[in-house]
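J.: just to be clear, the model below is a prediction. Sequence and coordinates:
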Amino acid sequence: MAVISIERMGLLSVVCVSLFFSSTFAVDRGNFKTCDQSAFCKRQRALKPGQSPYRALLETLELSDSRLTLQLINDNNKVHLLLELYRLQGNMTRVKINELKPLKPRFEVPDVLIAEPPTEPLSVLSKDDNGVVLSLGAENQRLIVSARPFRLDIMEGPEVLLSLNSRGLLAFEHLRLHKDTQAQADGAEVKESVDGDQQQDEGKKDEDGESEKEEDGLWEETFKSHTDTKPNGPTSISLDFSLPGVEHVYGIPEHADDLKLKTTDGGDPYRLYNLDVFQYELYNPMALYGSIPVMLAHNTQRTMGIFWLNAAETWVDISSNTAGKTVFGKMLDFVQGSSEKPQTDVRWISESGIIDVFIMLGPKPSKVFSQYASLTGTQSFPPLASLGYHQCRWNYNDQEDVKSVDQGFDQHDIPYDFIWLDIEHADGKRYFTWDPHKFPQPKEMLQGLMDKRRKMVSIVDPHIRVDSGYKIHNEITSKDFYVKNKDGKNYEGWCWPGNSGYPDFTKPEMRAWWASMFAYDQYEGSMENLFTWNDMNEPSVFNGPEVTMHKDALHGKWEHRDIHNIYGLYVQMATAEGQIQRSGGVERPFVLTRAFFAGSQRYGAVWTGDNAAEWDHLKISIPMCLSLGLVGVSFCGADVGGFFKNPSTELLVRWYQTGAYQPFFRAHAHLDTTRREPWLFGPENTALIREVIRQRYALLPYWYQLFYQAHKTGMPVMRPLWVDYPKDTATFTIDDEFLIGSDLLVHPVTEEGSRGVTAYLPGAEEVWYDVHTFQKHNGAQNLYIPVTLSSIPVFQRGGSIIPRKDRVRRSSTCMENDPYTLYVALSPKKFAEGELYIDDGHSFNYDTKKEFIHRSLTFANNALTSSNLCPDCNFLTSSWIEKVLILGASKPSKVLLKMDGKETPVDFEFDTSMSVLTLRKPGMNAGADWTLLLQYQRYFQC
């Protein structure tokens, strides 16, 4: 939420921020920096590839069981750096570069890694005056350290997998005293600060021909009316990576762009800097609300990952030797015998901190996901109800409005689990409070929802109204927990409440206190069915530079420039911990955040921010969530219907159809939009929206099982096709369809007035079944699908078994003990497999007490069998198997249930036209061992 209105802030607030926000719903790009307007990015980008001034001093090499250290020297300025190399368990390599003797410590990012990564021994294979060859253990992998110029190459056999500093763009601006700069001749410091004679582009001076203006950005920088003092001077870092054989790279969210990252030659690099950007532009590299500095590289032979652990403002340049070539051009190269191997080059540039990079060598996509999960953790296992439908609006007006909306869902037979309250619910935007006139009895309201087994989310933002009558502000002040400005006083800026302070969430003591505020006796009016939404946590400062906090603000001894991108992670971390603590550590939290960083997946869900009711925003929600899933954040969604503007009825229906098949499913709308509850668009459209929400609820067992797998393994829930079909080049750029798990393929309709879509069904030897008609289609084809407004093309992979609950009720909790239907989609070899996971849906007992059911479902040799995947687990369920549909079957003569040593006949029906066998009410408990045996009449020829 970023557009200001009189209703939302006092008149004074509006006047103060009017310079920063347009009255129209469009981003003002002038509020946000380009690379040329960011002094360190401009300096670093002015370097051109060439001979690096860095040299490895091989005589300083020291090798222990866990690491290798080596000094580097910049031959231009004689500054020494310390290189640390680690071989990590799980086929990963860690590279750290810092100053050998900095004037003071440089910031190293804490709290993102779940533990210090375990190492494996490094060994020297050979060494001479030119370099060192180290063994990385697995599969003949070697790490080669070249001395002059310094370079690292990771090889497997004869192939170079990845190179560091191969283009000579390593640059490390060392800490120095301000007087040292003043002693330099004009223009010399600009060169020295980016390491001397390293191909500084002298031609790119200001129009007056002077270089002093570039020098201005070293110790002080002004953007619009804001001046950033830099007491530490220039501290930026840069390193380049070369990826031979790679044409496709992904990740580094958040950007409103295609799944496959574009080259940045001739334009701005991709920017990673958490910002409050309202109604963001599409298909450009501008920074948005979150930043995850992880990139995946993929070709038919291997998937790799690069994790750049730095929380400062970061820019990422991408270039490729095949960029711009058409398919015909590539074919011509092949015919003409061109020997040029595809290669992608990536350069990371950060404003401060150190170089700390993890190279994840795969080789399979699933292995990269597990490698990254071993570093930063997996997606938190959400409460089952949070996978249902969420109804939100800025703002539901009062308790009566909430009650009316809740009743509307019942009257129109539409299920939902959560209703949300935006900032107007609080007393004067004082979070942890309720407006005494609009929400005078919050517990009565929450109890009414609880009686229907529904829940609520209220917003709690990290800007605190400066008000001596406000308990939260007074306690933060008394404990000295606010962020400080450069002069050591409490930092204040404008946000929704008006003048606001910003808690310093980098302090563990502050996070612990914040968590304690969610206790039921502290957060008055709260109950166990109230959960939390952290918005504006980039942090958003309406009158700050780029609508965020000044970089020279202080978090203890560190500047905000060092920690900016992890501020939002800390807010969500503390909020999630508060929800856990209020239940005595028993209940799982649900927290939605807008800002995020690497590791945010451990604390809850993310959404794509302030989108618009436009078709292109519907389309972009798919690659945006796919990109997040690739870097650990599976619990992603977009505001259904678009936050700004009013969607057409067709767009709204299509957005519900898309959102129902994305992990986080929430409708949300701006204060100035017309009301858009699902039943307000006529009976026909209400029926369409009802149907797709019911489809979501029927599939909740499958969604829940996938989130359990994501929590255990790091595998993304919503994923690009290439993750499961890594050798199929046709999948590498597809981002208008996606997989849910391995077994459902979804191609939403995202074009206005569409009468048909073309879906690519992967797998040369596979079949796919339309989940609505059960029609079977062969894989490895582009399938044209006629569509109407009721169509949402979804296919189940042959060879899979998906559990559903087809009795949909008013909420997911109401369906807890309902029976399952198993959809068994046979492969061409008449085989299928799947899983069924069941627990209480809300507590940590699955982890602390092993209270869950985990079943393996297998169809082979005409028998469907359920077997226990966790024999020492203990959980009881009342749910039973109500029906089994076997797609691609033939008609048996008899079906028997074998269970507890007994055989019982089972009723069945067979649809000859679609080859679907339906077994009715076999009746076994969902947690039991059983086999359904299909018997066929044998015919003997005389």
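T.: Perfect, I can see it now. This one's a predicted model, so the numbers in the text were calculated from it and none came from an experiment. Numbering: from 1, shown residues only.

J.: per-residue confidence at residue 333?
T.: At residue 333, the model reports a pLDDT of 50.

J.: do residue 140 as well
T.: 88.

J.: and the residue nearest to residue 583 when sequence neighbours are not counted, how many residues sit next to it?
T.: Nearest residue to residue 583, sequence neighbours excluded (C-beta to C-beta, 6 or more residues apart in numbering): residue 528, at 6.8 Å. No exception for glycine: its C-beta is placed from N, CA and C like everyone else's. Neighbourhood size, residue 528 [other C-beta atoms under 10 Å]: 15.

J.: next, residue 528: secondary structure please.
T.: State at residue 528, reduced to three classes by DSSP: H, G, I helix; E, B strand; the rest coil: coil.

J.: kindly report the same for residue 684.
T.: Applying three-state DSSP: residue 684 is helix.

J.: now do residue 420
T.: Applying three-state DSSP: residue 420 is strand.

J.: beta partners for it?
T.: residue 457 (DSSP bridges).

J.: where does the residue nearest to residue 583 land on pLDDT?
T.: 98.

J.: for it, give its distance to residue 443.
T.: 11 Å (C-beta to C-beta, to the nearest Å).

J.: ok, now which ones touch the closest residue to residue 421 other than its chain neighbours?
T.: Nearest residue to residue 421, sequence neighbours excluded (C-beta to C-beta, 6+ apart): residue 458, at 4.7 Å. Applying C-beta atoms under 8 Å, 6 or more residues apart in numbering to residue 458 gives the contacts 420, 421, 425, 426, 530, 531, 532, 533.

J.: let's go with 10 Å and repeat that
T.: By C-beta atoms under 10 Å, 6 or more residues apart in numbering, residue 458 lies in contact with 420-423, 425-426, 431-432, 434, 439, 442, 446, 523, 525-526, 530-533.

J.: those in strands, which ones?
T.: Among these, the members falling in strands (DSSP state E) are 420, 421, 530, 531, 532, 533.

J.: so the fourth one bridges to which residues?
T.: In this entry, residue 531 is beta-bridged to residue 457, by DSSP bridges.

J.: with the ones in strands among the contacts of residue 458 in mind, which one is nearest to residue 108?
T.: Distance to residue 108 across these (C-beta to C-beta) is lowest for residue 532, with 29.8 Å.

J.: how close does the residue nearest to residue 752 when sequence neighbours are not counted sit to residue 748?
T.: Residue nearest to residue 752 in three dimensions, not counting chain neighbours: residue 615, with 5.3 Å by C-beta to C-beta, 6+ apart. The spacing between residue 615 and residue 748, counted by C-beta to C-beta, is 11 Å.

J.: nearest to residue 793, of the ones in strands among the contacts of residue 458?
T.: Nearest to residue 793 among those: residue 420, at 29.8 Å, using C-beta to C-beta.

J.: contacting residues around that closest one?
T.: 390-396, 402, 455-459, 531, 533, 592, 666-668 are the contacts of residue 420 under C-beta under 10 Å, 6+ apart.

J.: same question, residue 480
T.: Contact analysis of residue 480 by C-beta under 10 Å, 6+ apart lists 490, 504, 507, 509, 510.

J.: ok, what's across the strand from the first one?
T.: On the basis of DSSP bridges, residue 490 takes part in beta bridges with residue 484.

J.: residue 567 is in what secondary structure piece?
T.: helix 567-582 (DSSP states H and E).

J.: and stretch 804-816, what's buried?
T.: 804, 805, 806, 808, 810, 811, 812, 813, 814, 815, 816 (16 or more other C-beta atoms under 10 Å).

J.: same check, this time on stretch 605-612
T.: Across stretch 605-612, burial judged by 16+ other C-beta under 10 Å covers 605, 606, 607, 608, 609, 610, 611, 612.

J.: is it true that residue 811 touches residue 389?
T.: Yes: Residue 811 is within contact range of residue 389, at 9.1 Å (criterion: C-beta atoms under 10 Å).

J.: mutual contacts of the two, please.
T.: Listed as contacting both residue 811 and residue 389 by C-beta under 10 Å, 6+ apart are 409, 415, 416, 417, 418, 697.
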